[in-house]
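**Q** fold the following for me, if possible:
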Amino acid sequence: MSGHSKWSNIKHRKDAQDAKRGKIFTKLLKEITIAARGGSDLSGNFRLRIAVDKAKAENVPKDTIERAIKKGAGELEGASYEEGIFEGYGPGGVAVIVEFMTDNRTRTVADVRYIFSRNNGNLGISGSVAFLFDRKGLISFAPDKDFDAIFEAALEAGAEDVTNDGDTIEVITDPLNFIEVRDALEAKQLQWESAEITMIPKSTVPLAGKQAEQMLRLVEKLEDCDDVQNVYANFSISDEEMEKLME
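**A** Next comes the predicted model:
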């Protein structure tokens with residue numbers, strides 16, 4: 001899941017050590033295949049370069065990446081995927097956006113609807129919650145990194161904002177100059193934990209107790225769905241509450 005919440009930070013670090021490598025690889029390769037429809041040249045295909053960089057960061061083999069690019073570009077046969085989004089609501093009225101890639105839309109609609117209904121949520125109509133988010137580039141660093149160095153390098157490269165909430169340092173960019181900012185930070189040896197184009201909520205809904213637990217379960221179930229690529233939600237959970245839930 002992406003977005004501003006304690007859970008997103010914890011889960012990203014957990015994912016780096018997770019055993020579900022096969023599922024992660026599959027989702028990354030789907031993204032590469034669809035992105036390659038816009039051309040197989042990384043220098044001229046912004047989306048493909050980001051997808052390939054993410055796959056490399058997860059240690060997806062080079063030849064596997066190259067096959068996915070060729071399939072997307074039509075040089076090899078492969079599954080035909082379509083992509084889209086679902087919008088809905090979780091416990092407490094939390095706004096949820098689900099990005100999917102599938103070779104069977106009917107199956108995906110049924111699966112996602114079932115997950116929402118079984119986890120105290122419901123699907124909404126197109127446009128019902130998307131306006132509550134902004135698409136941005138997000139580059140995250142561990143909280144012990146040099147904030148001043150990150151701040152200076154990021155703003156010099158054209159970032160929109162740099163924040164530190166004590167749990168993570170985040171650099172926010174316009175999607176169009178995301179790669180430029182990311183590469184500028186790398187050039188100064190500032191190593192990030194995650195770098196992606198994401199949906200950032202304009203405001204958040206605080207959750208606690210049963211609603212917080214239900215919301216985390218909904219996100220987890222959605223992310224476990226093979227056809228779901230990304231889940232974004234505008235909830236927040238306090239550190240104290242998160243510690244209780246993680247026990």
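**Q** for stretch 78-90, the distance to its chain's centre please.
**A** Relative to its chain's centre, stretch 78-90 lies at 14 Å (CA atoms, centre = their mean, to the nearest Å).
**Q** next one: stretch 107-124
**A** For stretch 107-124 - counting by CA atoms, centre = their mean - the centre lies 19 Å from the chain centre.
**Q** can you give me the buried ones in that stretch?
**A** 108-109, 111-112, 115-116, 119-121, 123-124 (16 or more other CB atoms under 10 Å). (C-beta placed from N, C-alpha, C; glycine too.)
**Q** give me the neighbour count for S43.
**A** 8 (other CB atoms under 10 Å).
**Q** report how many residues lie close to the residue lying closest to it once chain neighbours are set aside.
**A** Spatially, and ignoring its direct neighbours in sequence, S43 is nearest to R49 (7.5 Å; CB to CB, 6 or more residues apart in numbering). The number of residues packed around R49, counting by other CB under 10 Å, is 15.
**Q** gap between the two ends of stretch 217-235?
**A** 13 Å (CA to CA, to the nearest Å).
**Q** measure how far that stretch is from the centre of its chain, please.
**A** 10 Å.
**Q** output the below-cut-off pLDDT ranges for this protein.
**A** Counting by pLDDT under 70, the ranges of the chain that qualify are 1-21.
**Q** tell me the domain boundaries of it?
**A** 17-72, 83-127+203-246, 132-201 (automatic domain parsing).
**Q** re the thing from before, what comes into contact with the helix or strand that contains the residue nearest to S43?
**A** For R49, the host element (DSSP states H and E) is helix 46-57. Contacts to helix 46-57, defined as CB atoms under 8 Å, 6 or more residues apart in numbering, come from residues 25, 28-29, 31-32, 35-36, 38-40, 42-43, 65, 69, 72, 176, 178-179, 195-197.
**Q** what subset of the residues you listed is buried?
**A** Using 16+ other CB under 10 Å, the buried members of these are 25, 28-29, 31-32, 35-36, 40, 42, 65, 69, 72, 178-179, 195-197.
**Q** filter these down to the ones in strands?
**A** In strands, defined here by DSSP state E, the members of these are 195-197.
**Q** and those residues as a markdown table, adding distance to E82?
**A** Shown next, in a markdown table, are these (distance: CB to CB, whole Å):
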| residue | distance to E82 |
| --- | --- |
| A195 | 26 |
| E196 | 22 |
| I197 | 19 |
